[in-house]
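**Q** Make a model of this:
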Amino acid sequence: MNYGSFIVKILEKPILTSFDTTNPVTQFTVQIPQLKKNDESTLMGVSIWGKLGYDITHYYQINDYIIIEGYLSIRETSFNQFTIGTFKKVELSIYKIYPFIL
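**A** As a prediction, this is how the structure comes out:
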C-alpha cells in the first residue's frame, strides 16, 4: 500500500489554486525531520484537494510541524531544457491533517 502518515515541517507558504471553481488544490513543500546529524533532510511535495486546502492556508504557517496522512506517488520530472535526463520526485496527496507543534 502507498498510504502513510508522517510528521513534517512546512517549508514554504501553501498556495491555493484551482482548475475551475469546483476543484481547488493547495500545493507546498514539506521536510521530513531526520534523526542523525549527517543525514540529509527529505523534501516532499504535497498536494491537498478540496476544502481541506482552505484550512491549511488559513491556520498553518511556515515552520509549523503537522501530522499528515495520505497516498504517496512517485513522478518523473525532467531537469530543464538545457540538460538531458529525468529524476523521480515523491509527492503526497493528503487526506487528513493534525497539528503537532505550532
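
**Q** Point me to the helix or strand that includes Ala95.
**A** Not quite, residue 95 is Tyr, not Ala. strand 86-101 (DSSP states H and E).

**Q** In PDB, list the C-alpha atoms belonging to that strand.
**A** This file holds the C-alpha atoms of strand 86-101, laid out as PDB (Å, rounded to 0.1, in the frame of the first residue of the first chain):
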ATOM      1  CA  THR A  86      14.800  12.900 -15.600                       C
ATOM      2  CA  PHE A  87      14.700  12.300 -11.900                       C
ATOM      3  CA  LYS A  88      12.000  10.900  -9.600                       C
ATOM      4  CA  LYS A  89      10.100  13.100  -7.200                       C
ATOM      5  CA  VAL A  90       8.000  11.900  -4.200                       C
ATOM      6  CA  GLU A  91       4.600  13.600  -3.800                       C
ATOM      7  CA  LEU A  92       1.900  13.000  -1.200                       C
ATOM      8  CA  SER A  93      -1.800  13.600  -1.700                       C
ATOM      9  CA  ILE A  94      -3.100  14.500   1.800                       C
ATOM     10  CA  TYR A  95      -6.400  13.300   3.200                       C
ATOM     11  CA  LYS A  96      -6.000  14.100   6.900                       C
ATOM     12  CA  ILE A  97      -4.000  16.800   8.800                       C
ATOM     13  CA  TYR A  98      -3.400  17.100  12.500                       C
ATOM     14  CA  PRO A  99      -1.400  19.900  14.300                       C
ATOM     15  CA  PHE A 100       1.700  18.700  16.000                       C
ATOM     16  CA  ILE A 101       3.800  21.700  17.100                       C
END
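
**Q** mind checking the SS state of Thr57?
**A** helix (DSSP: H, G, I helix; E, B strand; the rest coil).

**Q** Who is Pro99 paired with across the strands?
**A** In this entry, Pro99 is beta-bridged to Ile66, by DSSP bridges.

**Q** name the element Leu16 belongs to?
**A** Using DSSP H and E, Leu16 maps to strand 15-18.

**Q** The strand holding Tyr95 packs against which elements?
**A** Applying 3 or more Cβ pairs under 8 Å, 6 or more residues apart in numbering; DSSP states H and E, one finds that strand 86-101 contacts strand 3-10, strand 42-49, helix 52-59, strand 65-78. Backbone N, C-alpha and C define where each C-beta goes, glycine included.
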